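Trainee: what follows is a protein structure lacking sequence information:
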């Protein structure tokens with residue numbers, strides 16, 4: 001699934017700093033789950049504040065054939081897109097939510113997920129001529145990997161109650177914007193501001209002192225260096241990005257990996 005801030009292009013850099021052996025894997029901002037799928041951990045705790053995203057993961061994990069059945073019947077059509085966009089996304093079972101989420105992700109503008117203050121999805125119809133709405137093999141593969149994962153709606157502080165010494169925690173929070181024109185960093189209606197980043201630093205430091213392996217990524221923003229420079233190692237990398245509201249602004253950007 002295409003996800004704003006997705007880490008597929010950053011995974012090779014992250015894997016350099018992931019321990020070869022660890023206990024359980026924890027990802028409190030799961031998003032597209034690129035590192036989770038790359039590591040293929042035996043035990044995982046995945047969480048996100050976006051309830052619809054979490055329910056979509058559960059739908060794929062618990063009823064992937066039901067999700068596939070729904071997506072097979074969904075046409076690539078503007079009127080159907082607008083009809084589905086207006087539906088109450090939260091009323092059905094998890095498989096309904098997964099199909100709703102995946103369809104809008106595949107057919108909406110540039111794969112964005114964005115909601116207004118009423119938590120209503122408001123991304124317009126995309127311009128792809130023939131998007132792959134139902135990638136059956138990929139969905140089944142994802143379902144297999146998710147079978148050993150616990151998936152919860154939770155704030156990132158919940159990892160403090162679950163992570164044990166020797167576990168691996170990867171934090172991928174909404175990035176600090178590098179310019180006033182930066183966008184699509186708030187995936188939930190509550191947003192994620194500088195004070196939240198300070199709370200996140202406190203959680204990461206508490207875990208490190210407990211003997212938990214910590215990885216974190218963010219933009220190459222001065223505040224990230226200020227927050228983590230004293231107690232962590234910071235590496236700057238150049239990673240590609242595919243999602244931006246303007247096509248001419250997609251491309252490599254400087255990011256920081258904290259470990």
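Mentor: Great, that's in hand. For clarity, every value in this text was computed on a predicted model and none was experimentally measured.

Trainee: neighbours of the nearest residue to residue 100 once chain neighbours are set aside, how many?
Mentor: If the residues on either side of it in the chain are set aside, residue 100 comes closest to residue 89, at 5.1 Å by C-beta to C-beta, 6 or more residues apart in numbering. (C-beta placed from N, C-alpha, C; glycine too.) A total of 21 residues lie near residue 89 under the criterion other C-beta atoms under 10 Å.

Trainee: list the residues that contact residue 89.
Mentor: Contacts for residue 89 (C-beta atoms under 8 Å, 6 or more residues apart in numbering) come out as 52, 97, 100-101, 121.

Trainee: going by distance to residue 73, which of those wins?
Mentor: Distance to residue 73 across the contacts of residue 89 (C-beta to C-beta) is lowest for residue 100, with 12.8 Å.

Trainee: chain center to the strand or helix carrying that closest one: distance?
Mentor: Here residue 100, judged by DSSP states H and E, is contained in helix 94-107. Relative to the centre of its chain, helix 94-107 is centred 15 Å away, using C-alpha atoms, centre = their mean, to the nearest Å.

Trainee: what's in contact with it?
Mentor: 1-3, 52-53, 55-60, 62-63, 66-67, 70-71, 74, 76, 81, 84-85, 87, 89-90, 92, 111, 113, 121, 123, 125-126, 128, 131-134.

Trainee: at 7 Å instead, please
Mentor: The contact list for helix 94-107 (C-beta atoms under 7 Å, 6 or more residues apart in numbering) reads 1-2, 52-53, 55-56, 58-60, 62-63, 66-67, 70-71, 74, 76, 81, 84-85, 87, 89, 111, 113, 121, 125-126, 131-133.

Trainee: and if you look at stretch 134-151?
Mentor: Stretch 134-151 has contacts (C-beta under 7 Å, 6+ apart) with 37, 40, 42-46, 54, 57-58, 60-61, 64, 67-68, 71-72.

Trainee: buried residues, that stretch. List them.
Mentor: Buried positions in stretch 134-151, judged by neighbour count with 16 or more other C-beta atoms under 10 Å: 134, 139, 142-143, 145-146, 149, 151.

Trainee: all the strands of the stretch 151-259 of the chain, residue numbers only.
Mentor: Secondary structure of the stretch 151-259 of the chain (DSSP state E, counting those that start in this stretch): strands located at 168-171, 213-219, 234-239, 253-258.

Trainee: check the stretch 1-150 of the chain too.
Mentor: 25-27, 44-48, 149-153.

Trainee: now do the second one: which elements does it pack against?
Mentor: So that's strand 44-48. With contacts defined as 3 or more C-beta pairs under 7 Å, 6 or more residues apart in numbering; DSSP states H and E, strand 44-48 has these neighbours: strand 25-27, strand 149-153.

Trainee: now the ones you listed as CSV including mean pLDDT?
Mentor: Putting the helices and strands packed on strand 44-48 into CSV (pLDDT from 0 to 100) gives the following:
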stretch, mean pLDDT
strand 25-27, 99
strand 149-153, 97
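
Trainee: residue 240: which of these is closest?
Mentor: When the helices and strands packed on strand 44-48 are compared by C-beta to C-beta, strand 25-27 sits nearest residue 240, at 20.9 Å.

Trainee: what does that closest one contact?
Mentor: 33, 35-36, 39, 41, 43-46, 159, 162-163, 167-170.

Trainee: verify the contact between residue 205 and residue 232 for me.
Mentor: No. The pair residue 205 / residue 232 is not scored as a contact, 8.1 Å apart, by C-beta atoms under 7 Å.

Trainee: report pLDDT for the residue located most distally from the centre of the chain.
Mentor: When distances to the mean C-alpha position of the chain are computed (C-alpha atoms, centre = their mean), the maximum falls on residue 79, with 28.1 Å. Residue 79 carries a pLDDT score of 97 in this model.
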